[in-house]
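Trainee: Generate a structure from the sequence data that follows.
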Amino acid sequence: MADFVGAIDQGTTSTRFMIFDHGGNVRGLHQLEHEQILPRAGWVEHNPTEIWERTRAVIETALYRAGLHAADLAAVGITNQRETTLVWDRHTGRPYHNAIVWQDTRTDRIAAALDRDGRGDVVRRKAGLPPATYFSGGKIQWILENVDGVREAAEDGTAVFGNIDAWLLWNLTGGRDGGVHVTDPTNASRTMLMDLETLDWDDELLSFFGIPRAMLPEIRPSSAPDPYGLTRAGGPFHGEIPLSGILGDQQAATVGQVCFAPGEAKNTYGTGNFLLLNTGEDLVRSKSGLLTTVCYQFGEAKPVYALEGSIAVTGSAVQWLRDQLGIISGAAESESLARQVDDNGGVYFVPAFSGLFAPYWRSDARGAIVGLSRYNTNAHIARATLEAICYQTRDVVEAMRQDSGVTLDVLRVDGGVTANELCMQLQADILGVPVSRPVVAETTALGAAYAAGLATGFWATTEELRQNWNEDRRWSPEWDDERRAAGYAEWKKAVTRTLDWVDMS
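Mentor: Residues are numbered from 1 along each chain as shown. Model (predicted):
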């Protein structure tokens, strides 16, 4: 009998394979980073072949180290960096271009044109998204218009599109030898091409970007009792396992945090921050700069929707301190350096490296460090970086309250930055609500495992999953209301200094 479920977690900076038991405990894992390709300012790419090779390696290594085989896994789920866009040849498996990453801003003029002529309102109404460089539709259009031969190949069905979930699924199920071309509604809802009500590709939206429908994967539920396909014996699993769960990374973290009831919310701290609020079967259209997205669809049940606040740069701002400024040698040092001072010394850092995402949606913004004086040190900049993570989250929480009327009692958190205890204390202080971290903080992979395991009966119900959730640490607010209000007012002033930096005309 299979006692475990596996999850492929393909993220912005790394790929890992994790193995979970029935209690949601980690029983095996391996992780490898991949190259961040930066051809010019604002452009961010990944090598899809490298990602596939890393995926193979982490699966084989994790299984080997755990002493497990394909027969020990009841199912496998996939979770992935969303919006990152790839077009490949279905006959050869060769990518036509590097994957264009969600952070990439080369499509700013495509997004701006949608808003100028009124098509943007149609995108908002049907897809639940504002026209922005973030989403896949503009990236597909860019590849069709700028890479030789892709337009013709797309018209005849040779060139196919997928976010990274579809690329991995296709390769795991055979690739050019019968690979399955499928995605789920959580990924499809991030393209500007899917109607949120029908959960199908929309011809009018496709026409806005000049995208042939033949390029697109079939949309199937996030948890599929009838598996998308089986892993091939010649692949990294060396055996046949049902591939039965797909969730975009932030929806996967929401499932991993067992936020199954309307009004429950989680915040994931990774390369960026992503706060999702479950709105149930109600499709809530944001008036405050949030995204309306599919949270998950399990089997034949109706889809569950969410409001999402997407923040482009949070954990990657700490990486910037390490890699570009060189003021820390590792992410953990950001905490010890920031602890050298009692406050930010008047310094605010708005890391709008790729413009500002929710709730502003300003692709003309660029990063700024403001309030500097001769008094300030690298410790103040480190603390301002941690505070920027927390202030951006407060921006989203405020917008979410305006849209939904929900006032958070507690914020459930996960992701790598939650290991930074000073940052989590600052988050409680800046929000004015407790912050709760679960025992299994890497909930993205766990959510993908849950989706796959529910499909195959490894777990019977979502209530069974709730029993697996346990709190590891809770931070309570320590700032008084006056300090909290003053800090947030200064943050808002700092944000205004980043706007109108790039000419979008």
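Trainee: Which strands and helices lie in contact with the longest helix seen in the chain?
Mentor: Ranked by residue count under DSSP state H, the longest helix found in the chain is helix 378-404. In terms of contacts (3 or more Cβ pairs under 8 Å, 6 or more residues apart in numbering; DSSP states H and E), helix 378-404 is packed against strand 265-269, strand 273-280, strand 304-311, helix 315-320, helix 333-338, strand 348-350, helix 421-431, helix 481-496. To be clear about C-beta, it is placed using only N, CA and C from the backbone, and glycine gets the same treatment.
Trainee: show me what contacts the closest residue to Thr85 other than its chain neighbours?
Mentor: Nearest residue to Thr85, sequence neighbours excluded (Cβ to Cβ, 6 or more residues apart in numbering): Lys139, at 3.8 Å. For Lys139, the contact set (Cβ atoms under 8 Å, 6 or more residues apart in numbering) comprises Glu83, Thr85, Ile100, Asp104, Thr107.
Trainee: Of those residues, which is the nearest to Thr498?
Mentor: Nearest to Thr498 out of the contacts of Lys139 is Asp104 (Cβ to Cβ; 18.8 Å).
Trainee: Verify the stated contact: the closest one with Gly42.
Mentor: Yes: here Asp104 reaches Gly42: they are 6.9 Å apart, a contact under Cβ atoms under 8 Å.
Trainee: so where's this structure shaky on pLDDT?
Mentor: 1, 504-505 (pLDDT under 70).
Trainee: residues contacting the residue of it positioned farthest from its centre?
Mentor: Each residue of the chain has a distance to the centre, and by Cα atoms, centre = their mean the biggest one is for Arg374: 38.2 Å. The contact partners of Arg374, by Cβ under 8 Å, 6+ apart, come to none.
Trainee: Return the distance of it relative to Phe349.
Mentor: Arg374 sits 18 Å away from Phe349, taking Cβ to Cβ, to the nearest Å as the criterion.
Trainee: All the helices of the stretch 1-150 of the chain, residue numbers only.
Mentor: 48-66, 108-116, 119-127, 136-146, 150-155 (DSSP state H, counting those that start in this stretch).
Trainee: how about the nearest residue to Glu60, chain neighbours excluded?
Mentor: Pro236 (5.0 Å).
Trainee: I figured that neighbour hits Arg54, correct?
Mentor: No: at 10.6 Å, Pro236 does not count as touching Arg54 under the criterion of Cβ under 8 Å.
Trainee: what's the neighbour count on the nearest residue to Glu300 once chain neighbours are set aside?
Mentor: Excluding its sequence neighbours, the residue lying closest to Glu300 (Cβ to Cβ, 6+ apart) is Pro221, at 7.5 Å. Using other Cβ atoms under 10 Å, the number of residues around Pro221 comes to 23.
Trainee: and Pro221, what does it touch?
Mentor: By Cβ under 8 Å, 6+ apart, the contact set of Pro221 is Asp184, Pro185, Gln297, Phe298, Gly299, Glu300.
Trainee: Repeat that for Ser436.
Mentor: Val410, Leu411, Arg412, Val413, Glu471, Arg473, Arg474.
Trainee: what does Thr15 give?
Mentor: Contacts for Thr15 (Cβ under 8 Å, 6+ apart) come out as Ile8, Asp9, Gln31, Leu32, His34, Ile51, Arg54, Thr55, Val58.
Trainee: Now for the nearest residue to Gly157 once chain neighbours are set aside, how many residues are close by?
Mentor: Spatial nearest neighbour of Gly157, excluding adjacent residues (Cβ to Cβ, 6+ apart): Ala214 at 4.5 Å. Residues within reach of Ala214, counting by other Cβ under 10 Å, total 13.
Trainee: For Ala214, which three-state class applies?
Mentor: With DSSP: H, G, I helix; E, B strand; the rest coil as the basis, Ala214 sits in helix.
Trainee: shouldn't it be in contact with Ala154?
Mentor: Yes: when contacts are counted by Cβ under 8 Å, Ala214 is listed as touching Ala154 (7.1 Å).
Trainee: Confirm Tyr450 sits in a strand?
Mentor: No: Tyr450 sits outside any strand when classified using three-state DSSP, being helix.
Trainee: Distance of it relative to Phe20?
Mentor: Distance, Tyr450 to Phe20, by Cβ to Cβ: 8 Å.
Trainee: Please identify which of those two sits among more neighbours.
Mentor: For Tyr450 and Phe20, the more surrounded residue by other Cβ under 10 Å is Tyr450, and the numbers stand at 31 against 27.
Trainee: Show the contacting residues for the more buried one.
Mentor: For Tyr450, the contacting residues are Gly24, Gly77, Gly245, Val255, Gly256, Trp459, Leu465, by Cβ under 8 Å, 6+ apart.
Trainee: Neighbours of Ser14, how many?
Mentor: When neighbours are defined as other Cβ under 10 Å, Ser14 has 15 of them.
Trainee: Tell me who's in contact with it.
Mentor: The contact partners of Ser14, by Cβ under 8 Å, 6+ apart, come to Gln31, Leu32, Glu33, His34, Arg54.
Trainee: Which ones among those residues lie within strands?
Mentor: Gln31, Leu32, Glu33 (DSSP state E).
Trainee: which residues touch the second one?
Mentor: This means Leu32. The contact partners of Leu32, by Cβ under 8 Å, 6+ apart, come to Ser14, Thr15, Arg16, Arg54, Ala57, Val58.
Trainee: which residue sits closest to the fifth one, ignoring its sequence neighbours?
Mentor: The spatially closest residue to Ala57, leaving aside those adjacent along the chain, is Leu32, at 6.0 Å (Cβ to Cβ, 6+ apart).
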